[in-house]
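Novice: Fold the following for me, if possible:
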Amino acid sequence: MAIKRNYKKRGSTLGLLLMLIALIAVVAAIILWPVDANASRVEYPSQQDDIEATTLIKAGDVAPNFTVEMLDRSKITLSELRGKVVLISFWATWCPPCRQELSHMQEGVIDRFQGEDLVVLPISRGEEPGKVKSFIKDRGYKFPVGLDVDQSIYRKYASNYIPRSVVVGRDGVVEYVAVGYDDTIAKEIEAAITAALKK
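Specialist: Just a heads-up that it's a prediction; the model follows:
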């Protein structure tokens with residue numbers, strides 16, 4: 001009799017354990033398994049679609065004019081740079097791809113095109129001057145930096161996403177626009193600058 005009761009106890013414990021494992025498997029499947037992959041594509045646009053929707057100025061458009069105050073308190077007006085090629089780069093200190101672009105800016109753009117009719121204009125988006133100044137100083141950057149504390153300049157070009165690079169030709173027309181930064185975009189920016197300088 002004792003053997004029979006022990007057998008029943010083991011059987012009920014094993015049954016409970018199997019039920020618990022099955023329950024965990026069902027919950028995991030509900031959480032991890034997509035119900036309908038196509039439904040998510042319909043409800044949520046791809047990032048590329050969103051980037052395009054938030055890009056207000058594209059190649060072929062006249063670059064919106066602005067006056068930007070630089071860290072040294074001087075001011076630069078885009079329309080006064082006609083006859084030169086301008087690289088505008090919107091960035092922020094907290095943005096990893098922006099930091100990558102800035103670290104490439106001196107050697108990859110400023111030094112490479114030294115002596116050419118090129119103005120490089122990195123503009124900090126939405127950050128206080130003190131924070132930007134400390135960031136630039138800590139990294140030892142020597143190039144001029146513009147301030148767009150209220151994002152009024154940025155909003156003429158886009159409504160979201162940084163870094164954004166804009167190459168403006170000698171005639172004030174946008175030649176190239178990029179969102180994000182990697183080795184491919186770096187090469188595209190350099191190629192766009194080279195092509196614009198030849199016009």
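
Novice: how does this protein divide into domains?
Specialist: Under the assignment automatic domain parsing, the domains of the chain span 2-33, 47-198.

Novice: can you list the ones you listed in TSV and add mean neighbour count and mean pLDDT?
Specialist: (Each C-beta comes from the backbone N, C-alpha and C, glycine too.) Shown next, in TSV, are the domains of the chain (neighbours: other CB atoms under 10 Å; pLDDT from 0 to 100):
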stretch	mean neighbour count	mean pLDDT
domain 2-33	9	57
domain 47-198	16	96
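
Novice: is it true that G83 touches R170?
Specialist: Yes. With contact defined as CB atoms under 8 Å, G83 reaches R170; the gap is 5.4 Å.

Novice: Give the residues shared as contacts by those two.
Specialist: Counting by CB atoms under 8 Å, 6 or more residues apart in numbering, the common neighbours of G83 and R170 are D117.

Novice: mind checking which helix or strand V174 is in?
Specialist: Using DSSP states H and E, V174 sits within strand 174-179.

Novice: And that strand, what does it pack against?
Specialist: strand 164-168, helix 183-198 (3 or more CB pairs under 8 Å, 6 or more residues apart in numbering; DSSP states H and E).

Novice: what about 10 Å?
Specialist: Counting contacts by 3 or more CB pairs under 10 Å, 6 or more residues apart in numbering; DSSP states H and E, strand 174-179 is packed against helix 47-54, strand 85-91, strand 164-168, helix 183-198.

Novice: Can I get these in CSV including distance to L71?
Specialist: Putting the helices and strands packed on strand 174-179 into CSV (distance: least, CB to CB, whole Å) gives the following:
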stretch, distance to L71
helix 47-54, 27
strand 85-91, 13
strand 164-168, 20
helix 183-198, 22
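
Novice: Could I get the full set of helices for this structure?
Specialist: Secondary structure of the chain (DSSP state H): helices at 2-32, 37-43, 47-54, 96-104, 129-139, 154-157, 183-198.

Novice: Quick one: residues contacting V177.
Specialist: 55-61, 88, 157-158, 164-168, 192 (CB atoms under 10 Å, 6 or more residues apart in numbering).

Novice: and which of those residues is nearest to S79?
Specialist: V168 (10.4 Å; CB to CB).

Novice: The closest one contacts Y176, correct?
Specialist: Yes. Under the criterion of CB atoms under 10 Å, V168 makes contact with Y176 at 9.0 Å.

Novice: anything in contact with each of these two?
Specialist: By CB under 10 Å, 6+ apart, the residues touching both V168 and Y176 are L87, A196.

Novice: Between the helices and strands packed on strand 174-179, which one is closest to L18.
Specialist: With CB to CB, the closest approach to L18 among the helices and strands packed on strand 174-179 belongs to helix 47-54: 43.3 Å.

Novice: Identify the residues contacting the closest one?
Specialist: Taking CB under 10 Å, 6+ apart as the rule, helix 47-54 contacts Y44, P45, S46, K58, Y157, A158, S159, N160, Y161, R164, V179, G180.
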